[in-house]
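Peer 1: For reference, the sequence and a predicted model appear below.
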Amino acid sequence: MKMKKSVHLSISCLLLLSVYSHAATYYFSSSTGDDSRTSAQAQNSSTPWKTLGKLNSFFSSLNPGDQVLFKCGDTLYGNITITRSGTSTARINLGSYGTGAKPVITGFYTVPSWTSIGSGLFEAAIPAALPTLNTVTLDGNFQPFGRWPKLSAANAGYLALQSHSGTTSITSNAIGTAPNFVGGTLVMRAARWVLQRGTITAQTDTTVTYTAESTVQGSPYAPANGNGFFFQNHINACTQLGDWAYKSSTHKITMYFGGSVGSHVVKVSSVDDIIVCNSRSYINIQGLEIQGASSDCININSSNNITINGNVINYAGENAINAQGTSSITYSNNTFNYTNNNAIYPRGSASQSITSNTITNTGSVAGMGLSGDGQYIAISNAGTGSNIQYNVIKKVGYNGIQFTGGSVQIRNNLIDTFCYIKDDGGAIYTFGNGSSGNIVSNNICLDGLSAYNGITATYPGAQGLYMDDNSTGVELSFNTVANSTVGIQLHNCNNINHHDNTYYNCTTWGIRFNNDANTIAALINKNNIVFAKATNQYVVFSSTASVSGFFSVADSNYYCRPLSEGNTFNLNNTTTNLAGWKTATGKEVHSKSSPITVTDPNKLRFEYNATTSNKIVNLGATYVDAKGTSYVGTITLAPFTSAALIYSSSATSRIITDTTQLALRNLLTVNKPALTIYPNPVRSSFALQISNEHVGQMSVSVIDQKGIQVRSFLLNKTQRKHLFSLPSNDLPAGVYFIQVRIGDWTDKSKIIKL
């Protein structure tokens, strides 16, 4: 028997060696390649093939273990269709060779020339006959559709509708002032969490008739009376530099340049999907830059065991990676930027490993993403058995991470700035999830802004953690939420283990229990810190005054509002203090309020560590945390932890005086500038972001290099972090200073107008 086993093993090894011995590497270079070469020649990096068309014609001839490598520094135009699978021991690999920048696989077409059609508008034909055009850059910068009305302090870019008829028409008294947009796109804020688009078929002074865009849910969403709408993708909305529209019947793009095109460089997506993988397995895609898709940069369907590692994925017209009906897909160490809809979208997919990715500017422009629910999300609908860890997500229009199914682990992620295009969402979100075994732990969620533009509702809509409508079986532990409108919302949830989390400066509520279906039950609520920074913030809000049935365990929490201890709990709009909360719950015996109180908000401090190493923070004074632990001079934060601190006294020695003074001047900035301007340099308009405690009327002055005020604006800042869009298309090119003043606070920043 031993002899037979040895023979079988030897045969297996020989077969495995045979597979690897026959594996080949094929080289591609747009700069030195030639498609007329033989397949044998293409296996030499000195005699590569040239185009993606050649690769697609040859792909079915690849064998497991083969490699397809693209030359670093080269750009190859078109798409790749994966038509062969590897095996568990011999994957097919798409990668790079040589040194330098990652090879670029692009769907971008550079517009060579333009024809003037008058009024500052120019048009050009796109060679690919695409039904839609979703991605355009101007001089290397992402460029959205032209829209009407433009963003302004007066209307925030939305008009209000008064009534509607099903999903086919809206009525508004604001339409009478609008140009004609027939053939363009209507964008409506159908719900707080939905932007619905439709193609305009008729328009009168009061009514717009449209054909609604389909959604993932099937039926389109109906408009909501009183909510907002705007027009886009029509030449009558193109009035500022870079505004554009696309007409599918002629395959022409129209862009506003003003007097002349000049030296501007415009690139348009002319390929739907860049890499397509249907019903394949054991494929590696690594070390590439993939850009300029009108739809998806990578589209994977009914496939498994795919690894996407170390790529740069930019400018996706819809989704950066759309992976439907897949399993065992690994996304690691990728960088994503400017995705109109969802960055990683494993809809209906299980066992996804999503680790160490950096995802920025996802769903960041209203109307550029798809219609319906589940859009404008960085990581959307990762399913059962998925692992999401060590990702950095910044500037996402709706949810940061949305999960479904059971045994999902979400750990050690940083999510910064979310829910500012749509809301009633969260940094980490699930809906109606009845599966168990989910763990959300050690995540840091910052700056949930709430998107009030285009809606009539005024209650806060950005939650750091949001377990929505009858979700169950989730452990929420050691997470941090800071500077969001709500820390956590538990909506009709049960069997949630909520412990050891920190909520700081949640501008309305730290914890919100929303029990409108009377199903909240069996909650564990223990060892959490809820730290209110302002006197109008509540540590806990409940939609009902009867909360005694919510908890199986509730104890040892820290409910702190050191500026104003007292009625910090709001039970169905009846306020009470910690003692009243203990009576209402029948629990919380060992829970406490602030260890010390102060009168100056500048004596409150928040620090966090979103790295994998310990972080030593120089305090320059003595502080105490919510539990009463004292820190003299410094505090050491473990990875993915935070500290809410109260100034106690000056230290006996100060290591860095300036650091201390800066921290005490405005501690809530969390090492971020109060005034941020982007893009900079600027062309037609710029975003002005103010992050501080000052609210009210705000004056903005544009000052030239001679010190002369050339423009001024009066705006209303209503929340701690507020984003405004200001025009600059009429400013001459040059250097300017933007000076902002609210009361006695002022700041200034330099911009360059191109």
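Peer 2: Okay, I see it. Note that the coordinates shown come from a computational prediction; the quantities given were computed from them, not determined experimentally.
Peer 1: make it CA atoms for all contacts and neighbour counts henceforth
Peer 2: Noted.
Peer 1: the helices in this structure, which residues?
Peer 2: Remark: helices assigned in the chain by DSSP state H are 2-21, 52-58, 578-585, 657-665.
Peer 1: List the buried residues in stretch 738-754.
Peer 2: Ile738, Gln739, Val740, Arg741, Ile742, Lys748, Lys750, Ile751, Lys753 (16 or more other C-alpha atoms under 10 Å).
Peer 1: what's the closest of the residues you listed to His234?
Peer 2: Nearest to His234, judged by C-alpha to C-alpha, of these is Lys753 at 26.3 Å.
Peer 1: hmm, back to that, redo the buried residues of stretch 738-754 as TSV? Include pLDDT and distance to Thr330.
Peer 2: Shown next, in TSV, are those (pLDDT from 0 to 100; distance: C-alpha to C-alpha, whole Å):
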residue	pLDDT	distance to Thr330
Ile738	87	45
Gln739	81	46
Val740	86	46
Arg741	78	48
Ile742	81	48
Lys748	80	44
Lys750	79	42
Ile751	82	41
Lys753	77	42
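Peer 1: Go through those residues and flag which are in strands.
Peer 2: Among the buried residues of stretch 738-754, the members found in strands (DSSP state E) are Ile738, Gln739, Val740, Arg741, Ile742, Lys748, Lys750, Ile751, Lys753.
Peer 1: and these, which two are the farthest apart?
Peer 2: Maximum distance among these (C-alpha to C-alpha): 24.7 Å, for Ile742 and Lys753.
Peer 1: Do you know the pLDDT at Lys721?
Peer 2: What the model reports as pLDDT for Lys721 is 71.
Peer 1: for it, what are its contacts?
Peer 2: If you count contacts by C-alpha atoms under 8 Å, 6 or more residues apart in numbering, Lys721 has them with Asp447, Leu449, Gln689, Ile690, Ser691, Asn692.
Peer 1: Closest one to Ala610 out of these, please.
Peer 2: After measuring the contacts of Lys721 against Ala610 - C-alpha to C-alpha - the closest member comes out as Asp447, at 14.5 Å.
Peer 1: Would you mind measuring from the closest one to Arg561?
Peer 2: 19 Å (C-alpha to C-alpha, to the nearest Å).
Peer 1: again with Pro112
Peer 2: 61 Å.
Peer 1: who's the residue nearest the centre of the chain bridged to?
Peer 2: Centroid-nearest residue in the chain: Val396, 2.0 Å away (criterion: C-alpha atoms, centre = their mean). Beta-bridge pairing for Val396 (DSSP bridges): Thr362, Phe418.
Peer 1: what's the first-to-last distance across stretch 32-42?
Peer 2: 11 Å.
Peer 1: and the closest residue to Arg197 other than its chain neighbours, how many neighbours?
Peer 2: For Arg197, ignoring the flanking residues on the chain, the nearest one in space by C-alpha to C-alpha, 6 or more residues apart in numbering is Val187 at 4.5 Å. By the criterion of other C-alpha atoms under 10 Å, Val187 has 25 neighbours.
Peer 1: Which strand residues bridge Val187?
Peer 2: Val187 forms beta bridges with Arg197, Phe230, as assigned by DSSP bridges.
Peer 1: Pretty sure it sits against Gly367.
Peer 2: Yes. In this structure, Val187 is within contact of Gly367 by C-alpha atoms under 8 Å, at 6.0 Å.
Peer 1: quick one on the thing from earlier: list the contacts of the residue nearest to Arg197.
Peer 2: For Val187, the contact set (C-alpha under 8 Å, 6+ apart) comprises Leu195, Gln196, Arg197, Gly198, Phe229, Phe230, Phe231, Gln232, Gly367.
Peer 1: what residues are up against the third one?
Peer 2: Taking C-alpha under 8 Å, 6+ apart, we find Arg197 in contact with Thr185, Leu186, Val187, Met188, Ala212, Glu213, Gly367, Leu370, Ser371.
Peer 1: In CSV: the buried residues of stretch 738-754, plus distance to Pro127.
Peer 2: Below are the buried residues of stretch 738-754 laid out as CSV (distance: C-alpha to C-alpha, whole Å):
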residue, distance to Pro127
Ile738, 42
Gln739, 46
Val740, 46
Arg741, 50
Ile742, 51
Lys748, 46
Lys750, 41
Ile751, 37
Lys753, 33
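Peer 1: Now for the protein, the helix or strand with the poorest mean pLDDT.
Peer 2: helix 657-665 (a mean of 32; mean pLDDT, DSSP states H and E).
Peer 1: what's the most distant pair in the contacts of Arg197?
Peer 2: Largest separation among the contacts of Arg197 by C-alpha to C-alpha: Ala212 and Gly367, giving 13.3 Å.
Peer 1: out of these two, which sits in the busier spot?
Peer 2: Between Ala212 and Gly367, counted using other C-alpha under 10 Å, Gly367 has the larger neighbour count: 28 against 22.
Peer 1: can you give me phi and psi for that one?
Peer 2: phi 90, psi -10 (degrees, to the nearest 10).
Peer 1: my guess is Lys627 contacts Tyr558, does it?
Peer 2: Yes. Contact criterion C-alpha under 8 Å: Lys627 and Tyr558 qualify, at 7.0 Å.
Peer 1: between those two, who's got more neighbours?
Peer 2: The neighbour comparison of Lys627 against Tyr558 (other C-alpha under 10 Å) goes to Tyr558, with 24 against 19.
Peer 1: Now do the contacts for the more buried one.
Peer 2: Going by C-alpha under 8 Å, 6+ apart, Tyr558 touches Asn527, Asn528, Ile529, Val530, Phe531, Ser591, Lys592, Ser593, Ser594, Ala626, Lys627.
Peer 1: How about Asn387?
Peer 2: So Asn387 contacts Ser351, Gln352, Ser353, Ile354, Thr355, Val408, Gln409, Ile410 (C-alpha under 8 Å, 6+ apart).
Peer 1: Now do the contacts for Val276.
Peer 2: Residues counted as contacts of Val276 (C-alpha under 8 Å, 6+ apart) are Asn79, Ile80, Thr81, Ile82, Ile298, Asn299, Ile300.
Peer 1: now swap in Asn299 and tell me
Peer 2: Asn299 neighbours (C-alpha under 8 Å, 6+ apart): Asp273, Ile274, Ile275, Val276, Cys277, Ile321, Asn322, Ala323.
Peer 1: Next, format these as TSV and append distance to Val710 and pLDDT.
Peer 2: Listed next are the contacts of Asn299 as TSV, based on distance: C-alpha to C-alpha, whole Å; pLDDT from 0 to 100:
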residue	distance to Val710	pLDDT
Asp273	46	98
Ile274	46	98
Ile275	49	98
Val276	51	98
Cys277	54	98
Ile321	45	98
Asn322	47	98
Ala323	50	97
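Peer 1: Give me the spatial nearest neighbour of Arg192, chain neighbours excluded.
Peer 2: Asp423 (5.4 Å).
Peer 1: That neighbour touches Ala451, doesn't it?
Peer 2: Yes. With contact defined as C-alpha under 8 Å, Asp423 reaches Ala451; the gap is 5.6 Å.
Peer 1: which residues do those two both contact?
Peer 2: Shared contacts of Asp423 and Ala451, defined by C-alpha under 8 Å, 6+ apart, are found at Arg192, Gly461, Ala462.
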